[in-house]
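>>> Any chance you can model this:
(chains A and B)
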Amino acid sequence: GAGVSQTPSNKVTEKGKYVELRCDPISGHTALYWYRQSLGQGPEFLIYFQGTGAADDSGLPNDRFFAVRPEGSVSTLKIQRTERGDSAVYLCASSLTLPTAQYFGPGTRLTVL
Amino acid sequence: QQQVKQSPQSLIVQKGGISIINCAYENTAFDYFPWYQQFPGKGPALLIAIRPDVSEKKEGRFTISFNKSAKQFSLHIMDSQPGDSATYFCAATQGTSGSRLTFGEGTQLTVNP
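I've put the predicted structure just below:
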């Protein structure tokens, strides 16, 4: 079956702009995660959804970052007033139950000029 | 706070050799330890995972060795192949906290033909 998909694959924006990153999890997976990966680093946790609700958003760096999952499937990560330091690959993962394997999408490479 | 430390940062192995990557963790509540393989421009792909109730798990050429008392675990890649050249990440999670993965810093493996 289809894996986790993320769109766009690349996003270039200017400092101060608003961006939205989309994640389509594996069908039937109830848990969805967002991570951020900087060059040469391991992914860092941002937020976790169980169903429609954000069960743990303690990894979001500040209030410019927000994520939603209104119907318990697709999720959108929203970044307001982007800064150059937000440049990274944003990864989405999903899992069937807890605790179990998380399957990652290909990521969205965000570049803030 | 770095909760999962990974070494070495880079590793060069000849084809047919054994690649060994080590990780150490601090949080004794961690109860699931996956390894991910990541190729440039791709998302991390789950390779193999272990729970602390077993000391070793083998899947094909990949073996995880787990030492609960030392809080260490390692990945062994037998008969390493040039196609194994990638970045490898160990990770750990605590199921009761929602399974957010804490990743190591990564090991860039190069297998020379």
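>>> Please give me every residue in contact with residue A:19.
A:11, A:13, A:78-79, A:82, A:110 (C-beta atoms under 8 Å, 6 or more residues apart in numbering or on different chains). Where you see a C-beta, it was placed from the backbone N, CA and C, and this is true even at glycine.
>>> and the gap between it and chain B?
19 Å (C-beta to the nearest C-beta, to the nearest Å).
>>> List buried residues within the contacts of residue A:19.
Among the contacts of residue A:19, those classed as buried by neighbour count (16 or more other C-beta atoms under 10 Å in any protein chain shown) are A:11, A:13, A:79, A:82, A:110.
>>> Next, format those as CSV and append pLDDT.
Listed next are the buried ones among the contacts of residue A:19 as CSV, based on pLDDT from 0 to 100:
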residue, pLDDT
A:11, 97
A:13, 97
A:79, 98
A:82, 97
A:110, 98
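>>> The residue most central in space within chain A: what secondary structure?
Chain A has residue A:34 as the residue nearest its centroid, 3.4 Å off, counting by C-alpha atoms, centre = their mean. Secondary structure, DSSP: H, G, I helix; E, B strand; the rest coil: residue A:34 is strand.
>>> Would you agree it is in contact with residue A:54?
No: at 9.9 Å, residue A:34 does not count as touching residue A:54 under the criterion of C-beta atoms under 8 Å.
>>> Now for those two: what residues contact both?
A:47-48, A:67.
>>> Which of these sits closest to residue A:96?
Lowest distance from residue A:96 to the shared contacts of residue A:34 and residue A:54 (C-beta to C-beta) belongs to residue A:48, with 14.2 Å.
>>> what about that closest one, helix or strand, and which?
strand A:44-50 (DSSP states H and E).
>>> close to chain B, is that strand?
Yes: with C-beta under 8 Å from any C-beta of the partner chain as the measure, strand A:44-50 is seen reaching chain B through A:44-45, A:48, A:50.
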